[in-house]
Structures are given as structure tokens and as C-alpha cells.
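>>> build me a structure from this.
(2 chains)
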Amino acid sequence: MFDVFTILQDHGMLFLMGQYPNGPLGGVLCTLLISLLAVVFSFPLGVLVGLARLSPWRGLRWAAACWVYTLRGIPLMMVVFWTYFCVPLLIGQNISGFSTMLCTLVIYESAYIAEIVRGGIQALPQGQYEASRALGMSYLKTLRLVILPQALFNALPSLVSQLVSIIKDSTLGYVINVPELTYAANQVSNQLLTKPFQVFAIVALSYYIICFSLTWLANRLESWIANKRLNAQPLPGEEQSDPLFFANRKLNKETS
Amino acid sequence: MIPMILFNQVNKWYGDYHALTDLSAEVKAGEVVVVCGPSGSGKSTLIRTVNRLEPIEQGQILFDGIDIHGSSTRLNQLRTRIGFVFQNFNLFPHVSVMENIMMSPVKVLGTKRSEARKHAGELLERVGLSHKANAYPAQLSGGQQQRVAIARALAMKPPVMLFDEPTSALDPEMVGEVLSVMRSLAQEGMTMMCVTHEMHFARDVADTIWFMDQGQILEKAAPEQFFSAPQHPRARRFLSDLLN
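Next up, the predicted model:
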């Protein structure tokens, strides 16, 4: 137990940000940065692929289905290697491990996000789409204003767990020398030689704290939105007689 | 004067099932048509073909002289002129009552938000729900939701309103409030086509009753005549089943 603190004291900065500012950004910050960028790019891509899976145009549906089934059918490690060896050949110059891993994560996760989005859309009642179209809204306006806001909200728990899994997947950057948390930990472990258990306990705990707090935040967000919808502020002086009003969990607690 | 809605030899199939058979009829401007008949007779299918929620295989449906199912028809523009009220309300649960009503005028017609809000307020007052403007659909009863749905359709200022069994999903005590909104609409001269099982409403409000069975209109008659002396044997049987 004491070791852990000593290790943190001696190598804390390496865990936190790698060699930075004397070298590339690494450690926890690198993990967070690569995950954040992966989310920022893979989320819109995933939504587009998901929409393409349900689009009225057959060619687009087919292409999106290929994308999804191919990527879901191979391990992430394979995609890492393919990007690592193929992208330099394709563009004729070397790219950094960081960019390689980022590309890989964006491509790979987009397939999973696409399926989550598709599920969210298909779970909505057909009537929502019909009502929007009957009001004269175009297909795209219907998606943007009626379908996606509901589908993405309903899919929020799955989306968050996918986000968390992006963070965990980023550990594979280790094999192509991305200096993220796992890589940094291995450096430390190699220096200390005799304390792998303590070092990797620190790593595991760090990942756990990051992922758990994200899940917690997402749950808060979800219940905040749900509460807003179920229990918007009544106008002053308004009588509240709707039976559904008591579907609000907080009020149930107070009255029972 | 051209009729508001004209069905001309309409045929529709679901696979092998012949849902609408050589159906011809017309709805004049200002007319209130109530479509009734046993379940499975094609009433809902018929009303859904009017704004092309269902495609048809043969024939024509003209709305104000425009072929709704024509390939070059500007469907979205046409739909803004046809109000549609669903059995299951289909309010958008993620936005407030006010936003439900304002969405389409603002996003489709390009109405200014302030103007749309004012109009939505008037509509809410008309359906007796001014105090629910900021509520979300989940907070409303079924009857209230359906009244908001009517207000939402009216927000586009359509010359025609279609009602697809608007009271069938409601608890009995809420049917009245929805029907009274519809009644006042009819009295103001709105052209309406309404699928319903509410025979009192049909008798009081309809100008014409269409009785449907097996994808055909078997009888078109004024309500007094339809209810007192139905011509078609199937209609007689339907009415006597209703009474017993």
C-alpha cells in the first residue's frame, strides 16, 4: 500500500501527462484527449452511418450495412494493425501513432454507434414520423427535429457505455507506441522492475475512476432531462390535477 | 366549383389483400363527411391516402385539383394544407405543448417565432388549454393531448382537416371534450373528413355519411336518412349491431 504512494510521488507526472512538456503528451491526459477526439469524430460519423442504414436509398443502405458488419466482425486489434500499416502506404508518408489510433477508434466505434442510433430510431413509434410528415415537414427536417432528438435521448445509456468503451479501447494504442496511460504505466513498471502489481493497480484505478464518473454524469443528465419533460414548471396559480403529475419520482417519495 | 377532395377509381392493395376497391367519391368545400363502417372496412386506409401516408396503386385522388399521388406533386407543400389528427395523438414528447404547435409553422412555413407563438396561444385558448402551454405532452390526459394535436394541425391554417378515429384511444369521459372542439370547427365551416365510431357526433355534425365495407363505399347519405332508413342491407345490419 505504501509503495503505491511512493510510486505516485516519484512518477505521478509520468502517469498524468507522460514526457510532456519535454516530450509528447502522454499518460492520463493522452488517454482523455484521444478518447475525446474519438468521440467528437466518431459520434457524427456513427449517426450518419446509422441514418444511412435506414435511408430510403438502397445503395446507401447497403454500403452502410457493409461498413457496420465488416467492422463489427473483426477485432479492434486488426483494425489497429490495418490502419498502422496501410494508411502510410495509402498517403505515402508516416503518421504518428496518435493519429493512427485516433483514426482506428473513429472508424471502429462509428460502426457500434451506428447500430445504437439505428436501434434508437427504430424503437420510436411510427406515428412520430407520420405526424411530422403530415405537418408538411421534409424527411430531413423530420429526422433533425423529431426523430433524432428522441432517438438519441433514448439511446443515451448505450451511447455512454460506448463512450466508456472508447476510453478502454484506447489502451490498445500501447502496441503502436501511443504514449497513453497504459504505455506510461509500462514505462514506470519497467523502471521499477519489481512492482508491477502496484503500478497496474494504479492504472486500473485510474481507468475505473474516469469511466465511473462518466457513467455517473450521464445518469444525472438523463434524469435531469426526463424530469424536465415530465415535470415542467407549472405556471403560477395553476391547479395540478393530472394523475401523471405523480409519476415524478421525487413527489412520490414525498407523498408516500 | 371543383370539389375539395375527389377520389377517382381508387384501388389499393396490401399484398394480395384488396384494401380499397374502385372507390370514387368527393368532398365539397365546407362539407363535413363522416366515414363509418365495421373495423377492417378500409376507413382509416382511405383517410390516410388523402395526404399520402398510404400510397395507392390505381386511380387518382385530387386535392383542390392537384393529383396527390402524382410523381411530380410537391408533397410537403401540399401536406401543409391538409390537417391530420391521429388516433394516438402523436404529439412530440420531447418538446412542450407550445413548441409542438409552433414547430411546423416556424420550420416549414417560415413564420416568425413571435407570430407563431401568438397564433399558437390563440389556438390553445380555443381548445381550452391556455394554461398548459408550457407543459409537456406526458403531463396531459389523453383528451388534452388530442386537443393539442388538433391545435397543432390547425396551426398550419389548413382548409381541410382529416380525423382518423380521434376519440378511439380515449377514456369515455374524455371523448366529449374532443368532440366539442371538432363540433365547433364544423360549425365554423371547416371542410372535414372524419373516421369515427361516435354515431351521435355523426348524426349531429355530418353533412354526409359514407358507409364503408370491404374497401368500398356502400352508401352515401345525409345523416337523417342514413340513421332512419339505411338503403344497403350491410348498413342496416351495422346499425342494428350498434344498437344491440
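>>> residues touching the closest residue to residue A:181 other than its chain neighbours, list them.
Using CB to CB, 6 or more residues apart in numbering or on different chains and skipping residues adjacent in sequence, the residue nearest residue A:181 is residue A:31, 4.4 Å away. Where you see a C-beta, it was placed from the backbone N, CA and C, and this is true even at glycine. Counting by CB atoms under 8 Å, 6 or more residues apart in numbering or on different chains, residue A:31 touches A:167, A:170, A:171, A:180, A:181, A:210.
>>> rerun at 6 Å
With contact set as CB atoms under 6 Å, 6 or more residues apart in numbering or on different chains, residue A:31 has these partners: A:170, A:180, A:181.
>>> quick check, nearest of these to chain B?
Chain B lies nearest to residue A:170 out of these, by CB to the nearest CB, at 32.4 Å.
>>> ok, that closest one to residue A:115 distance?
20 Å (CB to CB, to the nearest Å).
>>> and those two? Which one has more around it.
Using other CB atoms under 10 Å in any protein chain shown as the criterion, residue A:170 and residue A:115 rank with residue A:170 on top: 25 against 20.
>>> name the SS class of that one, please.
Three states are possible here, and by DSSP: H, G, I helix; E, B strand; the rest coil the one that applies to residue A:170 is helix.
>>> which residues touch it?
Residue A:170 neighbours (CB under 6 Å, 6+ apart): A:31, A:34, A:35, A:180.
>>> between those, which is nearest chain B?
residue A:35 (28.1 Å).
>>> run a quick neighbour tally on that closest one.
Other residues lying near residue A:35 total 24 when counted by other CB under 10 Å.
>>> right, and it touches residue A:165 too?
No. Applying CB atoms under 6 Å, one finds residue A:35 not in contact with residue A:165, separated by 9.9 Å.
>>> make TSV out of the contacts of residue A:31 and add distance to residue B:11 and pLDDT.
Output for the contacts of residue A:31, formatted as TSV (distance: CB to CB, whole Å; pLDDT from 0 to 100):
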residue	distance to residue B:11	pLDDT
A:170	59	93
A:180	64	88
A:181	66	90
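>>> what about the nearest residue to residue B:65 once chain neighbours are set aside, which SS state?
Distance criterion CB to CB, 6+ apart; nearest residue to residue B:65, sequence neighbours excluded, is residue B:2 at 5.3 Å. The assignment at residue B:2 comes out as coil when based on three-state DSSP.
>>> ok, so what distance separates residue B:2 from residue B:64?
For residue B:2, the distance to residue B:64 - CB to CB - is 7 Å.
>>> so how far is the helix or strand containing residue A:188 off the chain centroid?
Taking DSSP states H and E as the criterion, residue A:188 maps to helix A:181-192. Centroid separation for helix A:181-192 versus its chain: 26 Å, with CA atoms, centre = their mean, to the nearest Å.
>>> anything in the next helix or strand after that helix near chain B?
Per DSSP H and E, helix A:181-192 leads on to helix A:196-230 as the next helix or strand towards the C-terminus. Yes. Legend: contact between helix A:196-230 and chain B by CB under 6 Å from any CB of the partner chain is shown at A:229, A:230.
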